[in-house]
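>>> Here you go, sequence then predicted model.
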Amino acid sequence: MTTMGDVARIAGVSVTTVSHVLNGTRRVNPETRQRVEAAIEKTGYRRNVVARALAAGRTHTVGLSISALTNPYFATLVHAVERSLSDAGYVLIVGDSHDTVGSERRVVDSLLDRKVDGMIVAPSAGSEHSTLPEIIATGTPLVLIDRGADIDCDQVASESVAAARALTAHLLDLGHRRIGVVRGLAGITSTTERFDGYVAALADHGIAVDAELVVDGESNTDVAEREVRTLMSRPDRPSALVSLNNAMTIGALKAVRGLGLSIPDDVALVCYDDFEWADLFAPRLTAAAQDVDTVGATAVKLLLSRIDGQQDEPQRILVPTTFHHRNSCGCT
């Protein structure tokens, strides 16, 4: 392995001079700098960035454990986090938890082994009893994103209850009374909160929840398609549907169209999560849109504050959603 000493010998200078060229810690004569740079290129020398970073107490890396990287929402969220971290001089290392505690633990252990300066986690069901306490016990700064947990750390997510309530209320205001709901993965706070919003809207209109109108799409396109197809094949099918995340919305659309039904003529549809291409669907989707950039930037801001030693009480920040009124709900 090429060392700094090898570079110094070829350039005919001291190791200290090579260090100054590499780190910009002192002005070096242009001719000398040129010789050092030529020697670096000739030897292929690369600084041991990790060793230097550990010696300084920082690696300027942040770990992100998140599920379903193929989901457009999560891909956009990762991009928002990476952009904010890059602006602050940090590198993001991402691992897919696959929404299981076992996979999440492997991802987290790998990130901790790499001595990341902090960690952002979209927790899997049950994380607060396993993975999250492990992170906290190491003293690694931690921020939860997209989903919360009953644990003492910073948390950032989109507002879920009011958004799902508004979507359901819109259908109720249009006269619908049998409203089906496609619920997400069990054990996730966003699933619980969005379903709570649906229940609250029904209660506002004096309507009890009909368990036969509730299907579990498990935040998965294929599962949602299967469950919605079963629901919509019944003679007493609902006149409207609320889908509580974008992957399940795709499944619901496939199911409805696979049955030869029309949206919104045969069934009205509203969804939590917007799509970049929602205006291109036929019909255009009425949706609650998350402010992904703000969620990502806020999580990064909180984490960097913790890395820099902030000792304030943990914060739980809910970022408002935006109601995008289109025509899948039946409005023109």
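Ah, there it is.

>>> Show me where the stretch 1-150 of the chain has its helices.
Taking DSSP state H, counting those that start in this stretch as the test, the helices found in the stretch 1-150 of the chain are 4-11, 15-23, 30-43, 49-56, 72-87, 101-113, 131-137.

>>> Give the residue spans of this structure that score low on pLDDT.
Under the criterion pLDDT under 70, the flagged ranges of the chain are 1, 23-25, 47-57, 69-70, 277-279.

>>> tell me the strands in it, going along the chain?
Counting by DSSP state E, the chain has strands at residues 61-66, 91-96, 118-121, 142-145, 154-158, 179-183, 214-216, 240-243, 268-272, 286-289, 316-319, 322-324.

>>> Please identify which of the ones you listed is closest to Ala164.
strand 268-272 (5.8 Å; C-beta to C-beta). Where you see a C-beta, it was placed from the backbone N, CA and C, and this is true even at glycine.

>>> who wins for proximity to Phe275 among the helices of the stretch 1-150 of the chain?
Of all those, helix 72-87 comes closest under C-beta to C-beta, at 6.9 Å.

>>> Now do the buried residues in that closest one.
Residues 73-74, 76-78, 80-82, 84-85 are the ones in helix 72-87 that count as buried (16 or more other C-beta atoms under 10 Å).

>>> likewise stretch 175-191?
For stretch 175-191, a neighbour-count test (16+ other C-beta under 10 Å) marks 176, 179-185, 188-191 as buried.

>>> How about stretch 101-116?
So for stretch 101-116, counting by 16+ other C-beta under 10 Å, buried means 101, 103-108, 111, 116.

>>> and those as CSV, adding distance to Thr16?
Output for these, formatted as CSV (distance: C-beta to C-beta, whole Å):
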residue, distance to Thr16
Val101, 50
Ser103, 47
Glu104, 46
Arg105, 45
Arg106, 43
Val107, 41
Val108, 40
Leu111, 35
Val116, 31
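
>>> so which of those residues comes closest to Leu261?
Ser103 (36.9 Å).

>>> okay but that closest one is in contact with Asp109, surely?
No - between Ser103 and Asp109 there is no contact under C-beta atoms under 8 Å: 10.9 Å.

>>> how far is stretch 226-242 from where the chain is centred?
Mean-position distance between stretch 226-242 and its chain equals 30 Å (C-alpha atoms, centre = their mean, to the nearest Å).

>>> Would you mind putting the CA coordinates of stretch 298-306 into CSV?
Output of stretch 298-306 as CSV, limited to C-alpha atoms (Å, rounded to 0.1, in the frame of the first residue of the first chain):
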residue,chain,number,x,y,z
THR,A,298,-36.1,18.8,9.1
ALA,A,299,-34.8,15.4,10.0
VAL,A,300,-31.3,16.3,8.9
LYS,A,301,-31.4,19.6,10.7
LEU,A,302,-32.4,17.9,14.0
LEU,A,303,-29.7,15.2,13.5
LEU,A,304,-26.9,17.7,12.8
SER,A,305,-27.9,19.7,15.9
ARG,A,306,-27.5,16.5,18.0
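
>>> can you pull the buried residues of it?
Quick answer for stretch 298-306 (16+ other C-beta under 10 Å): 298-300, 302-306.

>>> what do you get for stretch 290-299?
290-293, 295-299.

>>> Walk me through the domains of this structure.
What the TED database lists as the domains of the chain is 4-47, 60-157+292-318, 160-291.

>>> Between these, which one is closest to Asn327.
Judging those by C-beta to C-beta, what sits closest to Asn327 is domain 160-291, at 4.7 Å.

>>> so how far is the closest one from its chain's centroid?
How far domain 160-291 lies from its chain's middle: 21 Å, per C-alpha atoms, centre = their mean.

>>> Give me the distance between stretch 98-111 and the centre of its chain.
Chain-centre distance of stretch 98-111: 15 Å, with C-alpha atoms, centre = their mean.
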